[in-house]
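Novice: Compute the structure for the input listed below.
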Amino acid sequence: MKKIILFPLLFLSLANCSSDSSSNPDPVDPVEQMYFPPSDGNIVWQTKSIADLGWNQNAVQPLLDYLELKHTRSFIILVNGRIVMENYFNGHTATSPWYWASAGKTLTSTVTGIAEQEGIIDIDNKVSDYLGTGWTSAPLAKENLITCKNLLSMNSGLNDALGDNVEPANLQYVADAGTRWAYHNVYVKLQDVVASASGQTWTNYFNSKLRDKLGMTGGAWIDSGDGLSVYWSTTRNMARFGLLALNKGKWNGTVVVNETFFNQATNTSQNINLGYGYLWWLNGKASYHLPQSQLQFNGSIIPTAPNDMFMALGKNDQKIYVVPSKKMVVIRMGDAADDVNLALSDFDETLWQKISALYQ
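Specialist: Numbering: from 1, shown residues only. Modelled structure (predicted):
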């Protein structure tokens, strides 16, 4: 994937040996009931062994060696909700918090969906309906083109080359909303939309509607400046959210966010970047775009991974991989895998070669 190293991107450390569900057997018993860990903070979490799954034990150590080599702090594989692998490196532990970086965008997407299902927002409405006019420095007629859905889809038309700050002076018009895809921190304005519509702080609404329902105990939004906050939690809490995503917004039979919204969120959201949903990255599409580039790349984002996989991806290689065909969630937290943190790198492709070796 040498074409990608031309772009020194700020966010995501994101063809050919495909491992889609049509070419590989499902690694689990399809009738096994999905497991959800207790939501009361109980540390007990059911497990499933490599042997029970019929996986290749000889592929485990090469995977662990690679993870440690690439500055990983924690790694989890869930199958049907049960922990198959859980490993910590470099002094990190099960109780150590770590930042999600841009992988946390998917938390904002999910809570936006919750607010819509409660009837307090409509993602087809313009952002200024909730924040008032002047939340950008775009001409008023252009600002009023920007809907909440544009923020979810990264096609607001605002300038993505002005840094992280989301104050009005830094949110400048480049193109009409819906006509240009560009990875931009303006998505965070959705948090202000939800706060305004709910009459609560973003944190309080998030905690009551999502965090506490999943038992993501102790997780918190930490201010990083420039009007942004970053979510921190343990690795298991990140895995809980991945398990919710695997189950299309349901948690142990309870609807947290409705399946219709979740299906929209994890499918192509616009016709420019086919590899992007509502703040989720999508594998297996015909083409994709990268942050800070208007170029189109043909093929799947991670060709060594299953085609139905969707992903929450953050700076320094924070990862939530969700693979419905395998009933699998994979979590990786840590420092940047490589010295130069690019949007996509050989790390993702090699990692999935080694994960796939477990069950192929």
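Novice: for stretch 93-110, what is the average pLDDT?
Specialist: The average pLDDT within stretch 93-110 is 97.
Novice: buried stuff in that stretch?
Specialist: 97-110 (16 or more other CB atoms under 10 Å). All C-beta spots, glycine's among them, are computed from the backbone N, C-alpha and C.
Novice: show me where this protein has helices.
Specialist: 50-53, 60-69, 105-117, 128-131, 140-143, 148-153, 189-198, 202-206, 212-214, 235-246, 259-265, 346-359 (DSSP state H).
Novice: so who does Met34 touch?
Specialist: Applying CB atoms under 8 Å, 6 or more residues apart in numbering to Met34 gives the contacts 80-81, 247, 327.
Novice: would you list the residues you listed in TSV and tack on pLDDT, neighbour count and distance to Val174?
Specialist: Compiled in TSV, the contacts of Met34 are given as follows (pLDDT from 0 to 100; neighbours: other CB atoms under 10 Å; distance: CB to CB, whole Å):
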residue	pLDDT	neighbour count	distance to Val174
Asn80	98	22	45
Gly81	98	23	43
Asn247	98	22	38
Lys327	98	21	41
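Novice: what's the closest of the residues you listed to Leu140?
Specialist: Nearest to Leu140, judged by CB to CB, of the contacts of Met34 is Asn247 at 42.2 Å.
Novice: now the strands for the stretch 1-150 of the chain?
Specialist: 72-79, 82-88, 98-99 (DSSP state E, counting those that start in this stretch).
Novice: low-confidence ranges in the protein?
Specialist: 1-31, 41-42, 226-227, 340-345 (pLDDT under 70).
Novice: I'd like the contacts of Met34 laid out as CSV, including distance to Asp212.
Specialist: Formatted as CSV, those follow (distance: CB to CB, whole Å):
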residue, distance to Asp212
Asn80, 24
Gly81, 19
Asn247, 18
Lys327, 25
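Novice: isn't Val127 right up against Leu151?
Specialist: Yes. Val127 is within contact range of Leu151, at 6.6 Å (criterion: CB atoms under 8 Å).
Novice: list the residues that contact both of those two?
Specialist: By CB under 8 Å, 6+ apart, the residues touching both Val127 and Leu151 are Lys189.
Novice: hmm, back to that, what's the most distant pair in the buried residues of stretch 93-110?
Specialist: The largest separation in the buried residues of stretch 93-110, counting by CB to CB, is between Pro97 and Ser109 at 21.7 Å.
Novice: Could you verify my assumption that Ile320 touches Ala101?
Specialist: No. When contacts are counted by CB under 8 Å, Ile320 is not listed as touching Ala101 (11.3 Å).
Novice: returning to what we had before: what's the most buried one of the strands of the stretch 1-150 of the chain?
Specialist: Stretch with highest mean neighbour count among the strands of the stretch 1-150 of the chain: strand 72-79 (a mean of 24; mean count of other CB atoms under 10 Å).
Novice: ok now that one, how far from the chain's centre?
Specialist: Centre-to-centre, strand 72-79 and its host chain are 15 Å apart (CA atoms, centre = their mean, to the nearest Å).
Novice: do the same with stretch 295-315
Specialist: Distance, centroid of stretch 295-315 to centroid of chain: 12 Å (CA atoms, centre = their mean).
Novice: if I look at Leu190, how far off is Ala169?
Specialist: 20 Å (CB to CB, to the nearest Å).
Novice: ugh, wrong one, I meant Gly219
Specialist: Gly219 is 32 Å from Ala169, by CB to CB.
Novice: Wait, Trp100 touches Tyr231, no?
Specialist: Yes. The criterion here is CB under 8 Å, and Trp100 meets it with Tyr231 at 4.5 Å.
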